[in-house]
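# pasted the sequence and its predicted model underneath.
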Amino acid sequence: MIKYVTLIVLVFIVSELKSQDLVSIKPDFKSVAFSRHLEYFIDSTDSYGLRQAMLSKDWKLFVGSNPDFGINPLPHWLRFSIQNDTKEVKTLTLLTKGLDSLQAYLTIGDSLVKTFPVTGSHIPLRYRENSNAYLSLTFDVLPGQKYRLWTRVRNLNFRLTVSPFTLYEKSEAKQYLQQKLFFQSLYIGGMTIMLLFSIVLMCLFRDWMYAYYFGCVLCSVSIMLIYNDYTFLLFDDLPKIIYRKDIYGILSTMIPCLYVLFAEKFLRVSPTRLTLLPMIARGMVLLQLAPLAYLYFSGVTLFHLHGFFYGPMLILGIIPLVYLTQAIRRGYRPAWLFLLATVPISAIVALETSSDFHKVAVQEIHEYYYYATLFEMFALTFGLAYRFKLDFDQRRLLQREILLTQITTQEKERTDIAADLHDVIGSQISAAKLNVEYIQEQYFPDSEKNWWAPVYKVLNLLSENISSIADKMRNSSLDKLGLAGILEQMYGHIKTPVFHFDFIGMQKRIPAYAERVLYVIIIEALNNCIKHSEATEINIQLVREKNLLTVIIEDNGIGFDPERVKRGQGLKNMEIRVEEYLQGELLIDSQPGSGTVIIIKVALKEET
């Protein structure tokens, strides 16, 4: 019984292996990936032509998801069989990518049907079947005929992975290429926008953080452009640095160096708190770049020593995560955007550096890398924008505190002056009166009292005036009188110009912050009116309708041209305070000879 079961299993395996060697083209055929239908052998002599390959006994059936032959510079021959099981001629296209050299032959039995032009990543785009990074072989298969396609592939200084290695119906291949080229265009467009954005930031702020950001974007997009053969748009003969693939080592080493420096700036790492870690980061950067430069200028092929750089790269990848942890712990909110940007690209880098331990094709890793870097840079761009917002909010808060401090200081100065007038000057006047009385009694005892009356009158009047001024200054606090009350007290007694007040809906005090800012703005506007307008009358209206406060200041002075005078610092300060501090609106209507109207509209918000 066991013998029969074993025999059946063996027959099944043999039949399965045979079926793997043939791709049947049906009427509804669209595509097939060659993983189960592929045979290969390695040309260890680097001398086999088609005939020698056809006669070789070293062919093996490939088992796996992607034809991955590791780091091997020798030519590899691949073959598969096709049979057209339809009643019409079929046009097929084989697509692959990332190969330095690809030679192909189509045979029926032992007869050569077609020899394809040599193609590969070292061949200029204009000499390829399709002018893009995908290598294509297009051919016709006749009804009922069985064909075999032989390919000789080779990669120097790079992992030999044949992926994709897919046979398409011609129109399906065209659609696949259009989709890939669309995503490439999307990537290039997005990264170009971020490059321009980083250049603008560098020019405006002159901060090293934006230079590091620019470097990261530039290196990432350069890897994509070079790997996808866009360099052939500039020249046909590849520079040595690209031909030997040293450029990948240089750019891949530069990115973590720039990224760790960018992370330090972006996450606001404090050197006083993390002194050792930035020093380690800079040491790793030096340990990466100095040997890199030495090896390259010594003529060494960098790919052969790529393992040397993995250690420092790993450390440079860990340091930003430590920075990130510190930033999150101290509640720095842009750190979450940095985390969102870092996780996908870190996973892709880990996947690429561990390529010896898995079978994910290098070409697929590159595709993931493009998407991850595009997402990363967009997330970091949003992070930079969010940092701008936080910085702007902090500046506004600081300006608000400065303004409140300024008003509080002015009020304290008024209170102190009032106290000094009342206590010091008042006491000195009282002492002067006593001294006058003493002089009169000691040296002029017989003089008439009326002779001294004007002196006492002046002293008494001076004492009363000082007391009155002191009381007014002491009681003219904004907190005590409110905006309407203090304006009326400060300007109501002035004879020229004459002030008229109209307060509507001001029974309820407006929020303290808005009241203080409006107080400064209105004082600034009124001082300008008094100094420059030559007005005889000034009208002040405060109108509150629910949460909308409207301030109208109108004079009958000489007026001015707002467009010409708008550059003055006084009006700029008023605009900044109204628009940024209060999120309000400032309108100025004036013409030479027609007076001036200033309107301020503010939506009041209750303070929490």
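Sure thing, it's come through. Residues are numbered from 1 along each chain as shown.

# how long is stretch 59-78 end to end?
Taking CA to CA, to the nearest Å, the span from the opening residue of stretch 59-78 to its closing residue is 9 Å.

# all further residue positions should be reported with the first residue as 6.
Noted, 6 is the first residue going forward, which turns the last one into stretch 64-83.

# buried ones in that stretch, by neighbour count?
Neighbour-count burial for stretch 64-83, counted by 16 or more other CB atoms under 10 Å, picks out F67, N71, P72, D73, F74, P80, H81, W82, L83. Glycine gets a C-beta too; all of them are placed from N, C-alpha and C.

# close enough to count as contact, the second one and L165?
Translated: N71. No: N71 is beyond contact range of L165, at 11.0 Å (criterion: CB atoms under 8 Å).

# picking that back up, nearest to T555 among the buried residues of stretch 64-83?
Distances from those to T555 were compared by CB to CB; the smallest belongs to N71, at 72.0 Å.

# check which helix or strand the closest one maps to.
Using DSSP states H and E, N71 sits in no helix or strand.

# ok now the strand or helix carrying L402, how far from the chain's centre?
Using DSSP H and E, L402 falls within helix 367-425. In terms of CA atoms, centre = their mean, to the nearest Å, the centre of helix 367-425 is set 15 Å apart from its chain centre.

# just flag the most distant two among the buried residues of stretch 64-83.
Within the buried residues of stretch 64-83, two members stand farthest from each other by CB to CB: N71 and P80, at 18.6 Å.

# worst-scoring helix or strand of this protein, pLDDT-wise?
Within the chain, confidence by mean pLDDT, DSSP states H and E is lowest for helix 7-25 among all helices and strands, at a mean of 44.

# CA atoms only: put the next helix or strand after it into CSV for me.
Per DSSP H and E, the first helix or strand lying C-terminal to helix 7-25 is strand 27-30. Taking Å, rounded to 0.1, in the frame of the first residue of the first chain, the C-alpha atoms of strand 27-30 are listed here in CSV:
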residue,chain,number,x,y,z
LEU,A,27,5.2,25.6,-19.9
VAL,A,28,3.2,28.8,-19.9
SER,A,29,0.0,28.3,-21.8
ILE,A,30,-1.4,31.4,-23.6
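
# what residues does the next helix or strand after strand 27-30 touch?
Stepping forward along the backbone from strand 27-30, the first helix or strand reached (DSSP H and E) is strand 36-38. For strand 36-38, the surrounding residues in contact (CB atoms under 8 Å, 6 or more residues apart in numbering) are V28, P169, F170, T171, L172, Y173, E174, E177, A178, Y181.

# inside helices: which ones of these?
The subset of those located in helices under the criterion DSSP state H comprises E177, A178, Y181.

# which one of those residues is nearest I558?
Distance from I558 was checked for each of the ones in helices among the contacts of strand 36-38 by CB to CB. The minimum falls on Y181, at 70.1 Å.

# hang on, isn't the closest one packed against L99?
No: checked against CB under 8 Å, the pair Y181 and L99 is beyond contact range at 11.9 Å.

# how about stretch 88-95: buried residues?
Applying a neighbour-count criterion of 16+ other CB under 10 Å, one finds N89, T91, K95 buried in stretch 88-95.

# quick check: the second one touching I30?
Yes: shown here, T91 and I30 form a contact pair, counting by CB under 8 Å, at 6.3 Å.

# so who does the residue nearest the centre of the chain touch?
Centroid-nearest residue in the chain, with CA atoms, centre = their mean: T386, separated by 1.3 Å. For T386, the contacting residues are M199, F202, by CB under 8 Å, 6+ apart.

# secondary structure element holding the nearest residue to S435 once chain neighbours are set aside?
What sits nearest to S435 in space, not counting adjacent residues and going by CB to CB, 6 or more residues apart in numbering, is S468, at 7.0 Å. In this structure, S468 is located in helix 454-480 according to DSSP H and E.

# what is the mean pLDDT for that helix?
When pLDDT is averaged along helix 454-480, the result is 67.

# what residues do Y181 and L99 have in common as contacts?
With contacts defined as CB under 8 Å, 6+ apart, the residues adjacent to both Y181 and L99 are Y173.

# and these two? Which one has more around it.
For Y181 against L99, the residue with the higher neighbour count under other CB atoms under 10 Å is L99, and the figures read 23 against 18.

# mind checking the SS state of the more buried one?
Taken by DSSP: H, G, I helix; E, B strand; the rest coil, the conformation at L99 corresponds to strand.

# how about D507?
Three states are possible here, and by three-state DSSP the one that applies to D507 is strand.

# that one touches N544, doesn't it?
Yes: look at D507 against N544 with CB under 8 Å: they come within range, at 7.1 Å.

# more neighbours: which of these two?
Between D507 and N544, counted using other CB under 10 Å, the more crowded position is N544 (16 against 12).

# ok so, going back, which helices and strands does the helix or strand following the helix holding L402 pack with?
Note on helix 367-425: by DSSP H and E, the next helix or strand toward the C-terminus is helix 431-448. Helices and strands in packing contact with helix 431-448 are listed as helix 454-480; criterion 3 or more CB pairs under 8 Å, 6 or more residues apart in numbering; DSSP states H and E.

# name the helices or strands packed onto the following helix or strand past the helix it packs on?
Using DSSP H and E, the helix or strand that follows helix 454-480 towards the C-terminus is helix 483-496. Judged by 3+ CB pairs under 8 Å, 6+ apart, helix 483-496 is in contact with helix 367-425, strand 503-509, helix 517-537, strand 542-550.

# give me the buried positions along the helix or strand hosting A332.
A332 is part of helix 315-334 when elements are defined by DSSP H and E. Buried positions in helix 315-334, judged by neighbour count with 16+ other CB under 10 Å: P317, M318, I320, L321, G322, I324, P325, V327, Y328, L329, Q331, A332.

# surely the last one is in contact with F343?
Yes: contact status for A332 versus F343: in contact at 7.5 Å, counting by CB under 8 Å.

# now do the contacts for R273.
For R273, the contacting residues are A332, Y337, by CB under 8 Å, 6+ apart.

# ok, now I434?
Listed by CB under 8 Å, 6+ apart, the contact partners of I434 are L464, L467, S468, I471.

# if we ignore the residues flanking it in sequence, what's nearest the second one?
Pointing back at L467 there. Of all residues not flanking L467 in the chain, I434 sits nearest, at 5.8 Å (CB to CB, 6+ apart).

# so F202 sits in a strand?
No: the assignment for F202, made by three-state DSSP, is helix rather than a strand.

# pLDDT score assigned to it?
Reading off the confidence values, F202 has pLDDT 92.

# turn the buried residues of stretch 64-83 into CSV, including distance to I260.
Listed next are the buried residues of stretch 64-83 as CSV, based on distance: CB to CB, whole Å:
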residue, distance to I260
F67, 34
N71, 26
P72, 29
D73, 25
F74, 27
P80, 32
H81, 31
W82, 36
L83, 34
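
# ok, D251 touching H309?
No: taking CB under 8 Å as the definition, D251 is not a contact partner of H309, at 10.5 Å.

# now P78. Its backbone dihedrals?
phi -80, psi 0 (degrees, to the nearest 10).

# that one and P148, how far apart?
When CB to CB, to the nearest Å is the yardstick, P78 and P148 sit 41 Å from each other.

# same question, K35
Applying CB to CB, the value for K35 to P148 is 18 Å.

# check Q404 too.
Look at Q404 and P148: by CB to CB, they are 82 Å apart.

# before we move on, which element is Y152 in?
Secondary-structure assignment from DSSP H and E places Y152 in strand 151-159.

# what segments of the stretch 106-255 of the chain are strands?
106-113, 116-120, 139-146, 151-159, 171-174 (DSSP state E, counting those that start in this stretch).

# may I see the buried residues of the first one?
In this case it means strand 106-113. Taking 16+ other CB under 10 Å as the basis for neighbour counts, the residues of strand 106-113 that come out buried are S106, L107, Q108, A109, Y110, L111, T112.

# contacts for that strand?
55, 59, 80, 99, 101, 117-121, 123-125, 127, 140, 142, 144, 150-160.

# off-centre distance for that strand?
For strand 106-113, the distance to the chain centre is 48 Å (CA atoms, centre = their mean).
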